[in-house]
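Asker: got a predicted structure plus its sequence, pasted below:
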Amino acid sequence: MAALQASSLLVSSSSSGCSSKRTITASIQAPKPLRPWLADPSVMITKKLVEELRTRNGYAFAEPLQMDVAQEDRALEPCLSPTPSIETITKLHAILEAVEDIVEMHNNIGEQRDNWNKLLLNSVNMMTLTATTMAAMAAAAPAPSLRACSALLFTVATGMSLVMSKIQPSQLAEEQRNASRLFKQLQSEIKSIFALQSPSASDVKEMMAKMLALDRAYPLPLLGAMLEKFPAKFEPAAWWPRVSNNRRQSRGWKSVANSKRNGWSEDLDVEMRAIVQVLKSKDKQDYLRLGNLALKLNKIMAVSAPLLTGIAAAGLAFGGSTATTVAAIAGVMAAIINGFEHGGQVGMVVEMYRSCAGFFDLMEETIEATLEEEDYSKRENGELFEMKVAMKLGRSLSQLRDLARKSMASCVEGTEVDEFGSKLF
């Protein structure tokens, strides 16, 4: 009845508004159950007004009053991912459980290796200082027993110092701390997938690849898998899959006004390229320079401490007051170097610089891979991507744009940017 009354109303209103006779064709249909979206009176009134305006122009319509706008409604709805399969959810849950277990293992082993550094340093320095004291006493008053005990202590201290220099316990502990932090990031990323969108098979492959890349970058065992502590060339850490397209496609709702470019513009592309240029020329190069210096210093000290304790042990074996005095001096110098190297955790500093350089390497690769993607629908939303870059660099959006303008101006003028890209470290 509602459809019949509405059609009659439109016929009468259109007939009275025209001076000439026109044939009005109205379509009368059987009543249908009201749809949920028609329960709103404002929607009904709007649709009646639209129909009335159309019939006043003198055109006849043979369509029902109850217009189907389901397609229009669907066009404004967010793009939802398909329902995931039970197998996909199960696989992603298995990866999440494995990541949580690995985080706990890295935490435990990191604490253990930090204890190694403290205990081994204390033990080596106590033996070195005790042997030095005995050597000094033997130089003042010759005593074969003191000289023998001192030589034995120096020999053991030399062996333990060689082990410490080889494995670098402070660097091992820093590796485990970095691994724990990065695995926690991966854990949060997997939880976000469950919370924000439907998991897909590509998510499972991506998370698995990231987990395996982290395992290779920060291995748990020492024998056969330990990272080289004194490489020939200092290089940034790499804990992500080395693939040409390692970014995630944007998911979820996209603005209708800017759906074709997905939040990207030519200005934003230029801005991101300028940011990459700053990170390459300033931040990354600075950490590579500092890392090389720290690595060279660590190499010198790692060789010097065992060498000095070995000289002390050899001097005591030959006997004589001069050799004993040299042994005492060498022992003191070895204790100082050990304290500075392992007490100051120079190996940890090397690993910290390596990790920071890797962070900027990852940012460069991510930004460049995103800009190389020509299909904007496959990129992450431009505004969201810009915000993430700003947060990772410890800047606001306005500060990030100012940095990009400085970078572009420096390229034009041939000068160097006077600040670093990151304000966090």
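Answerer: Received, thanks.
Asker: flag every buried residue along stretch 206-218.
Answerer: Within stretch 206-218, the residues that count as buried by 16 or more other CB atoms under 10 Å are Glu206, Met207, Met208, Lys210, Met211, Ala213, Leu214, Ala217, Tyr218. No exception for glycine: its C-beta is placed from N, CA and C like everyone else's.
Asker: dump the C-alpha coordinates for the host helix or strand of Lys388 into PDB.
Answerer: In this assignment (DSSP states H and E), Lys388 forms part of helix 382-392. Below are the C-alpha coordinates for helix 382-392, written out as PDB (Å, rounded to 0.1, in the frame of the first residue of the first chain):
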ATOM      1  CA  GLY A 382      50.900   7.700   1.000                       C
ATOM      2  CA  GLU A 383      49.800   9.700   4.000                       C
ATOM      3  CA  LEU A 384      50.200   6.700   6.300                       C
ATOM      4  CA  PHE A 385      53.600   5.900   4.800                       C
ATOM      5  CA  GLU A 386      54.800   9.500   5.400                       C
ATOM      6  CA  MET A 387      53.700   9.400   9.000                       C
ATOM      7  CA  LYS A 388      55.500   6.100   9.600                       C
ATOM      8  CA  VAL A 389      58.700   7.500   8.100                       C
ATOM      9  CA  ALA A 390      58.400  10.600  10.300                       C
ATOM     10  CA  MET A 391      57.900   8.600  13.500                       C
ATOM     11  CA  LYS A 392      60.800   6.300  12.800                       C
END
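Asker: now find how far off-centre it is within its chain.
Answerer: Relative to the mean C-alpha coordinate of its chain, helix 382-392 is positioned 13 Å out (CA atoms, centre = their mean, to the nearest Å).
Asker: before we move on, back to that, how about the buried residues of stretch 206-218 in JSON lines, adding distance to Met134?
Answerer: JSON lines is the format used below for the buried residues of stretch 206-218 (distance: CB to CB, whole Å):
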{"residue": "Glu206", "distance to Met134": "61"}
{"residue": "Met207", "distance to Met134": "59"}
{"residue": "Met208", "distance to Met134": "58"}
{"residue": "Lys210", "distance to Met134": "55"}
{"residue": "Met211", "distance to Met134": "53"}
{"residue": "Ala213", "distance to Met134": "51"}
{"residue": "Leu214", "distance to Met134": "48"}
{"residue": "Ala217", "distance to Met134": "45"}
{"residue": "Tyr218", "distance to Met134": "42"}
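Asker: only the buried residues of the host helix or strand of Lys296, if you could.
Answerer: Lys296 is part of helix 285-318, with elements assigned from DSSP H and E. For helix 285-318, a neighbour-count test (16+ other CB under 10 Å) marks 287-288, 290-291, 294-295, 298, 301-302, 304-316 as buried.
Asker: other SSEs contacting the following helix or strand past that helix?
Answerer: For helix 285-318, the following helix or strand on the C-terminal side (DSSP H and E) is helix 321-338. Counting contacts by 3 or more CB pairs under 8 Å, 6 or more residues apart in numbering; DSSP states H and E, helix 321-338 is packed against helix 86-140, helix 144-167, helix 285-318.
Asker: angle of the first one against helix 321-338?
Answerer: In this case it means helix 86-140. If you take axes from the mean of the first three to the mean of the last three CA atoms, to 10 degrees, helix 86-140 sits at 150 degrees to helix 321-338.
Asker: avg pLDDT for helix 86-140?
Answerer: Averaged across helix 86-140, pLDDT comes to 92.
Asker: how far away from the center of its chain is it?
Answerer: Distance, stretch centre to chain centre, for helix 86-140: 25 Å (CA atoms, centre = their mean).
Asker: got it, and the last one?
Answerer: The gap between where helix 285-318 is centred and where its chain is centred comes out at 34 Å by CA atoms, centre = their mean.
Asker: in stretch 318-335, what counts as buried?
Answerer: 323-335.
Asker: likewise stretch 378-394?
Answerer: Arg379, Glu380, Asn381, Gly382, Glu383, Phe385, Glu386, Val389, Ala390, Lys392, Leu393.
Asker: having no further points to raise, I will conclude here.
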